[in-house]
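Novice: Next one to model:
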Amino acid sequence: MRHDAIILLLSGLLVCSFTLRAEIINQQEFIQDMVVQHGLDEFRLNYLFKQAKVKKSILKVMFRPSTGKKATPWYKYRRRFVTSKRIKDGVKYWQRNASALERAQWHYGVPAEIIVAIIGVETLYGQNKGHFRVLDALTTLAFHYPRRADFFRQELEHYLLLTDEEGLDPLKQKGSYAGAMGIGQFMPSSFRRYAVDFDNDGRRDIWHNNVDAIGSVANYFNLHGWQSGEPVIIATQIRPNAVDTLLGLKFKPDYSLRYLKRNGLLYHGDQPNSTKGMFIDLETEIGTVYWLGFQNYYVITRYNRSKRYAMAVYQLAQEIANRYAQTR
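Specialist: I've put the predicted structure just below:
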């Protein structure tokens, strides 16, 4: 082997060794922080992390190189979620959980169909909650995925705290490859802030208890500003020369209808000009269509910051509500 090749190989090994060592140090520092800041038991934390496994399959997904392809257009995205099966199963889920959904709608002001649709999009009504141990997923991403390591370390911190607070075994809880948990796919920080014991049995069980999952999703929407009885999103038109201006606005309902109309929105609905909204464009098979999103549309995006996701949830909710009404 050539001398320069040997040097290059040794350098690579040193880099790998240094990286591994740095990750170990970071993990130990994390454990110490949990002990000092939250009073968790150091011996138990060391035991837990010895049991945690770095999942190469998760890193493979996260490090997958971008192909540079254009994002899936709305009309194809819609086909994945607004399906006859998801609508039919959503009606069945509503029927099985009608009492909890009615109570959640009354208590939090969030329509039952929106709650059902979120759960339908996230986990197919609890059928696909994820098969990774949450500790494995979060440990993998917190210490081996530098791009978002800070975020996942925070979620790992919340996870260890919530399992301690709720009396759960950190090694047994399952979730998605990113650490989202349960029927409604809450990240650990969301669990601690928004999960509720909606059946008053002394536990916040979003993994197996549909009542708690329903109440938790409704509470999440309520605390993010859901406006009961207000519209979500309405189709609109624009002046042809206004596209760039309106698309350049923030993805947030910060703009009054008066402002949007001055900048090219052609909307003639019942909402007063002081109503705040946001401009949405979605690609259909026959061209781009435009929508006016309101506060409630924005609240859906707090679950997943995607205009396609929010529209899929909303349209699935409408389909489920229509079908459910026919069964009554």
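Novice: hey, let's count contacts and neighbours off CA atoms from now on
Specialist: Noted.
Novice: give me the low-pLDDT residue ranges for this structure?
Specialist: Applying pLDDT under 70 to the chain picks out residues 1-25, 66-69.
Novice: where do the strands sit along it?
Specialist: In the chain, the segments counted as strands under DSSP state E are 132-133, 174-175, 233-238, 255-256, 265-266, 276-284, 287-293.
Novice: Of these, which is nearest Val54?
Specialist: strand 132-133 (10.7 Å; C-alpha to C-alpha).
Novice: quick one, which of the strands of the chain is nearest to Glu319?
Specialist: Comparing the strands of the chain by C-alpha to C-alpha, strand 233-238 comes nearest, at 15.0 Å.
Novice: counting contacts, what elements does the closest one pack onto?
Specialist: strand 265-266, strand 287-293 (3 or more C-alpha pairs under 8 Å, 6 or more residues apart in numbering; DSSP states H and E).
Novice: the inter-axis angle of it versus strand 287-293?
Specialist: Angle, strand 233-238 to strand 287-293, by axes from the mean of the first three to the mean of the last three C-alpha atoms, to 10 degrees: 120 degrees.
Novice: Can you give the contact residues for strand 233-238?
Specialist: Contacts to strand 233-238, defined as C-alpha atoms under 8 Å, 6 or more residues apart in numbering, come from residues Gly264, Leu265, Leu266, Tyr267, Val289, Tyr290, Trp291, Leu292, Gly293, Phe294, Asn296, Tyr297.
Novice: Mind putting the strands of the chain into JSON lines with mean neighbour count and distance to Pro111?
Specialist: Output for the strands of the chain, formatted as JSON lines (neighbours: other C-alpha atoms under 10 Å; distance: least, C-alpha to C-alpha, whole Å):
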{"stretch": "strand 132-133", "mean neighbour count": "22", "distance to Pro111": "31"}
{"stretch": "strand 174-175", "mean neighbour count": "22", "distance to Pro111": "26"}
{"stretch": "strand 233-238", "mean neighbour count": "16", "distance to Pro111": "15"}
{"stretch": "strand 255-256", "mean neighbour count": "17", "distance to Pro111": "25"}
{"stretch": "strand 265-266", "mean neighbour count": "18", "distance to Pro111": "28"}
{"stretch": "strand 276-284", "mean neighbour count": "19", "distance to Pro111": "20"}
{"stretch": "strand 287-293", "mean neighbour count": "16", "distance to Pro111": "17"}
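Novice: Of all the residues in stretch 46-58, which ones are buried?
Specialist: Phe49, Ala52, Val54, Lys55, Ile58 (16 or more other C-alpha atoms under 10 Å).
Novice: for stretch 131-142, same thing?
Specialist: By neighbour count with 16+ other C-alpha under 10 Å, stretch 131-142 contains the buried residues Phe132, Arg133, Val134, Leu135, Asp136, Ala137, Leu138, Thr139, Thr140, Leu141, Ala142.
Novice: Pull up the gap between the spatially closest residue to Tyr290 that is not a sequence neighbour and Ser274, please.
Specialist: Leaving aside its chain neighbours, Tyr290 sits nearest to Asp281 (4.6 Å; criterion: C-alpha to C-alpha, 6 or more residues apart in numbering). Counting by C-alpha to C-alpha, to the nearest Å, the separation of Asp281 from Ser274 is 22 Å.
Novice: Equivalent analysis for Glu319, please.
Specialist: Taking C-alpha to C-alpha as the measure, Glu319 falls 30 Å from Ser274.
Novice: Repeat that for Glu42.
Specialist: As judged by C-alpha to C-alpha, Glu42 and Ser274 stand 55 Å apart.
Novice: who's more crowded, these two?
Specialist: Glu42 (16 against 11; other C-alpha atoms under 10 Å).
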